[in-house]
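# Okay, here's the prediction I keep looking at, along with the sequence it came from:
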Amino acid sequence: MKKLLILPFLVWQLCADSLYVVTSKTNGMEPLSKKELRDLFLLKKKFVTQKKVVVVNLLASHPLRLSFEQHILEMNRNKLNAYWVKKHFQGITPPVSQASTQAMKKFLQNVENSIGYLPQDLLDDSLKVLYEF
């Protein structure tokens, strides 16, 4: 049981220094604050500089998503699930998910005004960093 409680913390420690919230280089978005990102990924806010933003997550079981949720959303899985159940009854569905970091990168490169998170080793000149953690 203790291993299950420690695992998300260890994943966060391993990934926290190497994750970046990014968008396509062609998007005109400027760097965003942690609060702005939280509001976007929880769909409390849908626009940045009058452009509708498409947020994308990795699958719920992906270790990088766990790190993102802990650091940016500051919510554990139970609290986040309860949040989305409540939103479901308001007609709001969670952000789209991608199965891998490579799929996320392709999505970000091809979907206008999309934002997501990637490890440093997948960054290149086609992406623009909006937030680093």
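Nice, thanks for sending it over. These numbers were taken from a predicted model, which means no experiment stands behind them.
# C-alpha only now, for contacts and for neighbours.
Will do.
# What separation do you get for residue 88 and residue 108?
25 Å (CA to CA, to the nearest Å).
# of the two, who's got more company?
residue 108 (24 against 12; other CA atoms under 10 Å).
# next one: stretch 44-60 to chain centre, how far?
9 Å (CA atoms, centre = their mean, to the nearest Å).
# swap in stretch 98-115?
Using CA atoms, centre = their mean, the offset of stretch 98-115 from its chain centre is 11 Å.
# For that stretch, give me every contacting residue.
Under the contact criterion CA atoms under 8 Å, 6 or more residues apart in numbering, stretch 98-115 has outside partners 21-24, 27, 51-59, 116-118, 122, 126-127.
# Mind checking the pLDDT average for it?
For stretch 98-115, the mean pLDDT works out to 97.
# Kindly check the end-to-end length of that stretch for me.
12 Å.
# Please point out which parts of it sit buried.
98, 101, 104-105, 107-109, 112-115 (16 or more other CA atoms under 10 Å).
# now, which of the residues you listed sits nearest residue 63?
residue 101 (10.9 Å; CA to CA).
# Tell me where the protein is predicted with low confidence.
Within the chain, the segments meeting pLDDT under 70 span 1-17.
# What segments of it are strands?
Along the chain, the segments classed as strands by DSSP state E run 19-24, 47-48, 51-52, 54-58, 96-98, 114-119, 127-132.
# The fifth one pairs with which strands, and in what direction?
Pointing back at strand 96-98 there. strand 54-58 (parallel) (DSSP bridges).
# Need the residues that contact the partner strand.
40-41, 46, 64-65, 95-101, 104, 111-117.
# how about the strands of the chain in a markdown table, adding distance to residue 69?
Output for these, formatted as a markdown table (distance: least, CA to CA, whole Å):
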| stretch | distance to residue 69 |
| --- | --- |
| strand 19-24 | 12 |
| strand 47-48 | 21 |
| strand 51-52 | 22 |
| strand 54-58 | 10 |
| strand 96-98 | 14 |
| strand 114-119 | 11 |
| strand 127-132 | 14 |
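# Nearest to residue 33, out of the ones you listed?
Per CA to CA, nearest to residue 33 of the strands of the chain: strand 127-132, 7.1 Å.
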